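A.B. asks: From the sequence below, what's the structure:
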Amino acid sequence: MKKDSKLPLKLVKNHTEIAQVGRFGLVGILNTLVDFVVLNILVATLLPKTLVIFSISLFGNTYNITGPILAGIISGTAAMINSFVFNKNFTFKAKKLATRKLAMFFVITAFGLCIIRPIILYIFSDVWLWPSQLAYNISSWLHLPFSRDFTDVNLALVAAIAVVLVYNYLMYKYYIFKNEDKK
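C.D. replies: Have a look, this model is predicted:
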């Protein structure tokens, strides 16, 4: 018995969307690995948590830009370059990308990286501390060899990646790779 190769358009579209989200997830895993490895190497060597790069005063409050925030921007930049290459060629399968959309990709990604991400890193590193305290308590209870600083930095990074991941996917799908030529 021969199967009918004509599937309803809605089913095909749903399958294509699910496959695309799956590919985005795989690229996201690779980006996350790049991000974590670079961040942890920088924080362990050149940009420790105690290093204050500079301070900024806004509305009567002083905010310190610390080593992990700068390390997060650097590691995020490495992940951004990785993201562009793999999302263009693997996730969204765009043959070519107009110069305007290429520029938009980097502006959108840089906004997530340089604005959204540092805000989330700051919140989880300096303001909202109980999640990292809980994570540290759990890791200590499990006898994992993680320091408090390691737990603080990495929990903040997980939160920042999660927020920026959703932002990036929506922006890429609906603004960057929408209606691009496919392979």
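
A.B. asks: How are the helices of the chain distributed by residue range?
C.D. replies: 9-45, 67-86, 99-111, 117-122, 130-141, 148-171 (DSSP state H).

A.B. asks: I'd like to check which residues are in contact with the nearest residue to Thr66 once chain neighbours are set aside.
C.D. replies: Of all residues beyond its chain neighbours, the one nearest Thr66 is Val52 (5.8 Å), with distances taken as C-beta to C-beta, 6 or more residues apart in numbering. Every C-beta, even on glycine, is put in place using the N, C-alpha and C of the backbone. The contact partners of Val52, taken as C-beta atoms under 8 Å, 6 or more residues apart in numbering, are 64-66.

A.B. asks: among those residues, which ones are buried?
C.D. replies: Using 16 or more other C-beta atoms under 10 Å as the burial test, the contacts of Val52 include 65-66 as buried.

A.B. asks: And Leu121, how far from Asp152?
C.D. replies: Separation of Leu121 from Asp152 (C-beta to C-beta, to the nearest Å): 10 Å.

A.B. asks: likewise Pro48?
C.D. replies: Taking C-beta to C-beta, one finds Pro48 at 12 Å from Asp152.

A.B. asks: So, low pLDDT: which residues of this protein?
C.D. replies: Along the chain, segments meeting pLDDT under 70 span 1-13, 180-183.

A.B. asks: try it again with 80
C.D. replies: 1-15, 179-183 (pLDDT under 80).

A.B. asks: Find the residue at the geometric middle of it.
C.D. replies: Of all residues in the chain, the one closest to the mean position by C-alpha atoms, centre = their mean is Ile161, 3.7 Å from it.

A.B. asks: can you tell me how far that one sits from Thr77?
C.D. replies: In this view, Ile161 and Thr77 are 14 Å apart by C-beta to C-beta.

A.B. asks: again with Lys101
C.D. replies: For Lys101, the distance to Thr77 - C-beta to C-beta - is 20 Å.
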